[in-house]
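Colleague: Need a 3D model of the sequence below.
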Amino acid sequence: MPRGQRTAQTDKHPEKIMSIQESLTLVAIMLAPAFFSLLGMAALGSPAVAVSNEFLAKAKGRVFHDKYGQQTAAMGLILLLLFLVIQAAALGLLLVRFPQMASRVFEPGSLFMISFASMGAFFVLGLAYCLTWRKMRDAKGAHMLLGAGAALAALVGVAVTVPAKLLIGLPAEAMQAPLGPQSMLWPMAAMYMVLCVAAAAGLSCVHLVLRRNRDDYGRDYYRFALNLASRWALGAMLVFLTCQGWLFAVLPDMFRTMTLGTPLGLVWAAGCGLGLACAALWLITARSDTPLRFKGLTMLAACLLWLMHAMNATLFVNFMSML
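Modeller: Numbers count the residues shown, from 1 in each chain. Presented below is the predicted three-dimensional model:
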């Protein structure tokens, strides 16, 4: 795009253009909410990882798949309860500090109503799935149905919540316009669903390391489980980065200009770089015959994942302001 044309387009929204200092400040501000958001996303993604490995254990007859699924579900239970507290606190803050926005959230027909219903189903099914792993050991089919239901409800909830948050500031009559086949909402919903799986698998690597001494299932199991968890995290991250490319391809011209013509482009690029760094670290632990020697890399990958999520949250907030 010619320089003059780019300047003319960005000048239409001068109040929305951020300096590098403002962008970095926003990233720093987003670190705390991104931390708790990442834990919540791991809770949402854990049933998908757990039930998939429970199914593989039954199909392949490999008990290590079942054990890893059980440990991932146990991690998911802890994060699920934390997520419930965080969501309740967030809704309370919304009602007290932002009553007008809260009225949009709770109005009949709002996308948030679908989100709340999906999240409610996730909480009920997820709790039942995590708490009955041993009790339903002889009823694997029914137990896997609970897990599949929890995973589906979680992913549907994420897919609906992303456009609901992005479109919350638009009047009702204008909300249909951004939902066409070339809409940026589709890749954003897809990438956050995949990020839930990456977060669950990536944090399960850390969970395995932290529980190593307390739940000593043997070196062979931890080699298998860390290799497996790293492969799950690596695969999900590569799909997530592919969705980032999809998002850029369908980004409206004004959004692309305002992103590339400002430090937000650097924030986006840095986020993608951090995602690639996470993938590289998980590749090391996925291919290693002694992954426990690289347990520090699992911690580092989790920290980089947190920073990446903070940068993506910064982009998300700016996209909300551009709509």
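
Colleague: From what I see, residue 237 and residue 274 are in contact.
Modeller: No. Under the contact definition of Cβ atoms under 8 Å, residue 237 does not touch residue 274, with a separation of 10.2 Å. The C-beta positions use only the backbone N, C-alpha and C, and glycine is treated the same way.

Colleague: Who has more neighbours out of the two?
Modeller: Applying other Cβ atoms under 10 Å to residue 237 and residue 274 shows that residue 237 carries more neighbours, namely 28 against 21.

Colleague: Now do the same for that one: helix, strand or coil?
Modeller: Following DSSP: H, G, I helix; E, B strand; the rest coil, the label given to residue 237 is helix.

Colleague: For the chain, which residues score under the pLDDT cut-off?
Modeller: 1-18, 169-181, 322-323 (pLDDT under 70).

Colleague: distance between the lengthiest helix in it and the chain's centre?
Modeller: Of all the elements of type helix in the chain, the one with the most residues (DSSP state H) is helix 20-60. The gap between the average C-alpha position of helix 20-60 and the chain average comes to 4 Å, counting by Cα atoms, centre = their mean, to the nearest Å.

Colleague: and after it, which helix or strand comes next?
Modeller: On the C-terminal side of helix 20-60, the nearest following helix or strand under DSSP states H and E is helix 63-97.

Colleague: Okay, buried residues for that next one please.
Modeller: Judged by neighbour count (16 or more other Cβ atoms under 10 Å), helix 63-97 contains these buried residues: 64-77, 79-80, 83-84, 86.

Colleague: Determine the set of other helices and strands touching it.
Modeller: Counting contacts by 3 or more Cβ pairs under 8 Å, 6 or more residues apart in numbering; DSSP states H and E, helix 63-97 is packed against helix 20-60, helix 99-106, helix 111-131, helix 185-210, helix 219-250.

Colleague: Not counting stretch 144-155 itself, show me its contacts.
Modeller: The contact list for stretch 144-155, computed with Cβ atoms under 8 Å, 6 or more residues apart in numbering, reads 44-45, 47-48, 50-51, 54-55, 58, 73, 118-119, 121-122, 125-126, 128-129, 132, 136, 193, 196.

Colleague: Give me the ChimeraX select line for those residues, limited to the buried ones.
Modeller: Command for ChimeraX, covering only those of the contacts of stretch 144-155 found buried under the criterion 16+ other Cβ under 10 Å:
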select :44,45,47,48,50,51,54,55,73,118,119,121,122,125,126,129,132,136,193,196
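
Colleague: how far away is residue 129 from residue 142?
Modeller: Per Cβ to Cβ, to the nearest Å, residue 129 is found 10 Å from residue 142.

Colleague: Check residue 186 too.
Modeller: Counting by Cβ to Cβ, the separation of residue 186 from residue 142 is 34 Å.

Colleague: who's more crowded, those two?
Modeller: Shown here are residue 186 and residue 142; by other Cβ under 10 Å, residue 186 has more neighbours (19 against 10).

Colleague: Pull out the buried positions in stretch 314-321.
Modeller: 314-316, 318-319.

Colleague: what does stretch 279-299 give?
Modeller: 279, 281-283, 285-286, 288, 291, 294-295, 297-298.

Colleague: contacts for it?
Modeller: 202, 205-206, 208-209, 212, 219, 222-223, 226-227, 230-231, 233-234, 237-238, 241, 300-301, 304.

Colleague: let's see it at 6 Å
Modeller: With contact meaning Cβ atoms under 6 Å, 6 or more residues apart in numbering, stretch 279-299 is reached by 205-206, 209, 222-223, 226-227, 230-231, 233-234, 237, 301.

Colleague: for stretch 238-254, same thing?
Modeller: If you take Cβ under 6 Å, 6+ apart as the criterion, stretch 238-254 is touched by 182, 184, 187, 190-191, 194-195, 198, 272, 275.

Colleague: can you check stretch 63-77 too?
Modeller: Outside of stretch 63-77, the residues that reach it under the criterion Cβ under 6 Å, 6+ apart are 43, 46, 49-50, 53-54, 56-57, 130, 133, 204, 207, 221, 224-225, 228.

Colleague: Same check on stretch 193-202?
Modeller: Identification of contacts with stretch 193-202 by Cβ under 6 Å, 6+ apart yields 38, 41-42, 44-46, 48-49, 155, 158-159, 229, 232-233, 236-237, 239-240, 301-302, 305.

Colleague: can you rerun that using 8 Å?
Modeller: Counting by Cβ under 8 Å, 6+ apart, residues outside stretch 193-202 touching it are 38, 41-46, 48-49, 72, 75-76, 154-155, 158-159, 229-230, 232-233, 236-237, 239-240, 243, 278, 282, 298, 301-302, 305, 309.

Colleague: so how far is residue 223 from residue 288?
Modeller: When Cβ to Cβ is applied, the distance between residue 288 and residue 223 equals 8 Å.

Colleague: try residue 212
Modeller: As defined by Cβ to Cβ, residue 212 lies at a distance of 11 Å from residue 223.
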